[in-house]
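> prediction below, plus the sequence it came from.
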Amino acid sequence: RKEVEQDPGPFNVPEGATVAFNCTYSNSASQSFFWYRQDCRKEPKLLMSVYSSGNEDGRFTAQLNRASQYISLLIRDSKLSDSATYLCVGAFRSGGSNYKLTFGKGTLLTVNP
Amino acid sequence: SQTIHQWPATLVQPVGSPLSLECTVEGTSNPNLYWYRQAAGRGLQLLFYSVGIGQISSEVPQNLSASRPQDRQFILSSKKLLLSDSGFYLCAWRQGRYGYTFGSGTRLTVV
């Protein structure tokens, strides 16, 4: 079983739609979680961290359920500019103060006019 | 402010040729540095990480090696490239609890 698994997608939605991305992880030692966004042929960029209490940043809401080992990202009122691949990421401690990131394969989102 | 630089942006190399990709970080000291590879249609795979000068940890057996000759410099190398080494190579450094920042990447095509 892969350490981080995401919805394979792709997702095609109209502007204004609400989109939900789901992710599960198998490494219970994972310390922190993130959602990254990767535009075509570009490097991944941090979208938001994910906290157990849930966190919101404008139209984006992230949730973490440690008991179920489940992470989600919700995008409300989607825009054309939200089109990208969304990567679910877990970080786990690997000796001393070092953390390593494990990436899901990503889910491609296309928002259509 | 902290920045991370990678070069070159694109590279086409013949099979059997050597490789050297460089990554440098500015605005921070003693960063944890990472090399990832993203093959076509696949997720990011951690290749190497370094917690300090001369300290390299390898994640997967492969045709590549890494070195950290200076605090803010991380180099990915190969003596003889294989076709399977093609991919998008990304250097990253860890920004505390806020995740990692990636360089702009090198797209390598081995022909």
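Yep, that arrived.
> quick one: list the elements packing against the least confident helix or strand in chain A by mean pLDDT.
Ranked by mean pLDDT, DSSP states H and E, the weakest helix or strand in chain A is strand A:99-103, scoring a mean of 83. The contact analysis (3 or more C-beta pairs under 8 Å, 6 or more residues apart in numbering or on different chains; DSSP states H and E) places strand A:99-103 against strand A:30-38, strand A:84-93, strand B:33-38, strand B:44-52. To be clear about C-beta, it is placed using only N, CA and C from the backbone, and glycine gets the same treatment.
> touching the following helix or strand past that strand from outside, list them.
Tracing the chain past strand A:99-103, the next element assigned as helix or strand by DSSP states H and E is strand A:107-112. Outside of strand A:107-112, the residues within contact range by C-beta atoms under 8 Å, 6 or more residues apart in numbering or on different chains are A:6-15, A:17, A:19, A:21, A:75, A:78-86.
> what about 6 Å?
A:6-7, A:9-15, A:21, A:78, A:80, A:82-83, A:85-86 (C-beta atoms under 6 Å, 6 or more residues apart in numbering or on different chains).
> using CSV, write out every CA atom in the least confident helix or strand of chain A.
C-alpha atoms of strand A:99-103 as CSV (Å, rounded to 0.1, in the frame of the first residue of the first chain):
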residue,chain,number,x,y,z
TYR,A,99,11.6,15.5,8.2
LYS,A,100,10.9,13.8,4.9
LEU,A,101,7.9,14.5,2.7
THR,A,102,5.9,11.7,1.1
PHE,A,103,3.8,12.9,-1.9
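> starting from that strand, tell me which strands it pairs with and how they run.
Here strand A:99-103 is paired, per DSSP bridges, with strand A:84-93 (antiparallel).
> hmm, back to that, quick check: the farthest pair among the contacts of strand A:107-112?
A:Q6 and A:E15 (23.1 Å; C-beta to C-beta).
> could you list the low-pLDDT ranges of chain B?
B:61, B:96-98 (pLDDT under 70).
> return the most buried member of the helices and strands packed on strand A:99-103.
With neighbours taken as mean count of other C-beta atoms under 10 Å in any protein chain shown, the helices and strands packed on strand A:99-103 reach their highest mean count in strand B:33-38, at a mean of 25.
> that one pairs with which strands, and in what direction?
Looking at strand B:33-38 with DSSP bridges, its partner strands are strand B:44-52 (antiparallel), strand B:87-94 (antiparallel).
> TSV for these, including distance to B:E26?
Output for the strands paired with strand B:33-38, formatted as TSV (distance: least, C-beta to C-beta, whole Å):
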stretch	distance to B:E26
strand B:44-52	17
strand B:87-94	10
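> of all the ones you listed, which lies closest to B:Q6?
strand B:87-94 (5.1 Å).
> would the next helix-or-strand element following the closest one count as contacting chain A?
Per DSSP H and E, the first helix or strand lying C-terminal to strand B:87-94 is strand B:100-102. Yes: counting by C-beta under 6 Å from any C-beta of the partner chain, chain A has neighbours in strand B:100-102: B:Y100, B:F102.
> could you list every helix and strand in contact with strand B:100-102?
Applying 3 or more C-beta pairs under 6 Å, 6 or more residues apart in numbering or on different chains; DSSP states H and E, one finds that strand B:100-102 makes contact with strand B:87-94.
> can you do 10 Å?
strand A:30-38, strand A:45-50, strand A:99-103, strand B:3-7, strand B:33-38, strand B:87-94 (3 or more C-beta pairs under 10 Å, 6 or more residues apart in numbering or on different chains; DSSP states H and E).
> so which of the strands paired with strand B:33-38 gets nearest B:Y100?
Of those, nearest to B:Y100 by C-beta to C-beta is strand B:87-94, at 4.4 Å.
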